[in-house]
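In: kindly return the folded structure for what I paste below:
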Amino acid sequence: MYRLFAGITAAAALALAALAPSAQAADRVIKVGSLKLIHSITPYFFEKFTPAGYRIEVIPFESPTDGKNAVVTGSVDFGTFGFAAAMLGAAAGEPLVIFAAQCNRGMAVVAGAGSDIKSIKDLKGRKVAIWPGSTQEVVILERFKAEGMTIKDVQHVRLPFSDMAPALARGDVDAYVGAEPGPGISLANGVGKIVEYPYSTAIGSLNMVWGVKADTIEKDPELVRVLMAIHKKATEYAMSNREAMVEMAMQKLGQQKRSIELAAPNVELTWKIDPDFIKRAKAYGDLMLEKKQIRALPDYDKFITTKFQ
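Out: Sure thing, here's the model as predicted:
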């Protein structure tokens, strides 16, 4: 009898042990795409605010277009990237919906510290790094227009954001239209200076947004609500705990503290889609259409939703 009882107890223990991993595996994994930028740092705080039954997996992307494509193809459930990438996708008929904002600001025009470049006009004839299809491209084209210039007035060098600060340090380019922490890095190492924070256009400081497939909103709105609640809490936490944001950016981006500290004031993490956001978004679309970056405007009622705000 004792042997029988012991055998049953051992079998029960083994069964419980076998169930433990499967219970943990039952957590729903939410895959979120994030760019390797300080103003895309919020997802790394998501785990802190994720409710029971869910688990966050952050997948980094180098370019806004790659992040947007990952959402459209279903490689990730949600993704944050520049508004320009989102607009390009929506205007092309891709089933992409913006359901939250990610950040304002985060951009800068940077030139060599010892150069005579002091304004946008001084970029004429210089080698300027710009990432095609980015929010920064739309913004700098509008700034060129305001100064009576076009992209043809500069030597356009195609570079991803992470390569811009090193290229300036090597002397490969004279200036770049970058994203933080690139400008902060250039300031910290003494090789760069800020020419302008380009927020004077009709676009204002609108920068990054959150996208999701239209099918997800239709078939699984609860998942969007869960992610939105996490995003709100993470955003408010990061903005009210600057040191935590700096530490997280250092850890995830591999940058020195001084670089991140210089970049942080130029970053406004947010989640709100308010009337000002809609106004700037439509101004953005008009500019992209005018510059023939898109062939038609998207249906904004389908492209941007406030139902999860």
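In: chain center to stretch 277-295: distance?
Out: 19 Å (CA atoms, centre = their mean, to the nearest Å).
In: contacts for that stretch next, please.
Out: With contact meaning CB atoms under 8 Å, 6 or more residues apart in numbering, stretch 277-295 is reached by 83-84, 87-88, 91-92, 98, 101, 138, 141-142, 201-204, 206, 296-298, 300, 304. Glycine gets a C-beta too; all of them are placed from N, C-alpha and C.
In: from T270, how far out is R143?
Out: 23 Å (CB to CB, to the nearest Å).
In: of these two, who's got more company?
Out: Higher neighbour count among R143 and T270: T270, with 26 against 20, using other CB atoms under 10 Å.
In: lowest average confidence, helix or strand, in this protein?
Out: Taking mean pLDDT, DSSP states H and E as the measure, the chain has helix 2-25 as its least confident helix or strand, at a mean of 46.
In: partners of the helix or strand that comes right after it in the sheet?
Out: Next along the chain after helix 2-25, taking DSSP states H and E as the criterion, comes strand 28-35. Strand 28-35 pairs in its sheet with strand 54-61 (parallel), strand 78-82 (parallel), by DSSP bridges.
In: K213 is nearest to which of those strands?
Out: Smallest distance to K213 across those (CB to CB): 9.1 Å, for strand 78-82.
In: next secondary structure element downstream of that closest one?
Out: Immediately after strand 78-82, counting by DSSP H and E, sits helix 83-91.
In: render the CA-only coordinates of that following helix in PDB, please.
Out: Only the C-alpha atoms of helix 83-91 are listed here, as PDB (Å, rounded to 0.1, in the frame of the first residue of the first chain):
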ATOM      1  CA  PHE A  83       4.300  59.000 -39.600                       C
ATOM      2  CA  ALA A  84       5.800  59.200 -43.100                       C
ATOM      3  CA  ALA A  85       6.200  55.400 -43.300                       C
ATOM      4  CA  ALA A  86       2.700  55.000 -42.000                       C
ATOM      5  CA  MET A  87       1.300  57.400 -44.600                       C
ATOM      6  CA  LEU A  88       3.300  55.700 -47.400                       C
ATOM      7  CA  GLY A  89       1.700  52.400 -46.500                       C
ATOM      8  CA  ALA A  90      -1.900  53.700 -46.100                       C
ATOM      9  CA  ALA A  91      -1.700  55.700 -49.300                       C
END
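In: elements contacting that helix?
Out: Helices and strands touching helix 83-91, by 3 or more CB pairs under 8 Å, 6 or more residues apart in numbering; DSSP states H and E, are helix 64-73, strand 96-105, helix 135-146, strand 206-213, helix 275-290.
In: go through the first one and flag the buried ones.
Out: Residues of helix 64-73 classed as buried: P64, T65, D66, G67, K68, N69, A70, V71, V72 (neighbour count, 16 or more other CB atoms under 10 Å).
In: identify the residues contacting the first one.
Out: Right, P64. With CB under 8 Å, 6+ apart, P64 has these contacts: L35, F81, G82, A84, A85, W131, G133, S134, T135.
In: of these, which is the most crowded?
Out: Counting by other CB under 10 Å, top hit in the contacts of P64: G82 with 34 neighbours.
In: you'd agree it is up against W131?
Out: No - counting by CB atoms under 8 Å, G82 sits too far from W131 to count as a contact (9.1 Å).
In: ok so, going back, give me whichever of the strands paired with strand 28-35 is most buried.
Out: Counting by mean count of other CB atoms under 10 Å, strand 78-82 has the highest mean neighbour count of these, with a mean of 30.
In: got the angle for that strand vs helix 135-146?
Out: 20 degrees (axes from the mean of the first three to the mean of the last three CA atoms, to 10 degrees).
In: excluding chain neighbours, what is closest to Y237?
Out: F45 (5.9 Å; CB to CB, 6 or more residues apart in numbering).
In: need the three-state assignment for that neighbour.
Out: Following DSSP: H, G, I helix; E, B strand; the rest coil, the label given to F45 is helix.
In: which residues touch it?
Out: A234, Y237, A238, A244, M248.
In: redo that, cut-off 6 Å
Out: A234, Y237, A238 (CB atoms under 6 Å, 6 or more residues apart in numbering).
In: distance of the last one from F45?
Out: Remark: distance between A238 and F45 (CB to CB) = 5 Å.
In: so, low pLDDT: which residues of this protein?
Out: 1-25 (pLDDT under 70).
In: so H156 bridges to which residues?
Out: V128.
In: one step back: reformat the buried residues of helix 64-73 as JSON lines; add distance to L159.
Out: Output for these, formatted as JSON lines (distance: CB to CB, whole Å):
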{"residue": "P64", "distance to L159": "14"}
{"residue": "T65", "distance to L159": "14"}
{"residue": "D66", "distance to L159": "15"}
{"residue": "G67", "distance to L159": "17"}
{"residue": "K68", "distance to L159": "19"}
{"residue": "N69", "distance to L159": "20"}
{"residue": "A70", "distance to L159": "21"}
{"residue": "V71", "distance to L159": "24"}
{"residue": "V72", "distance to L159": "24"}
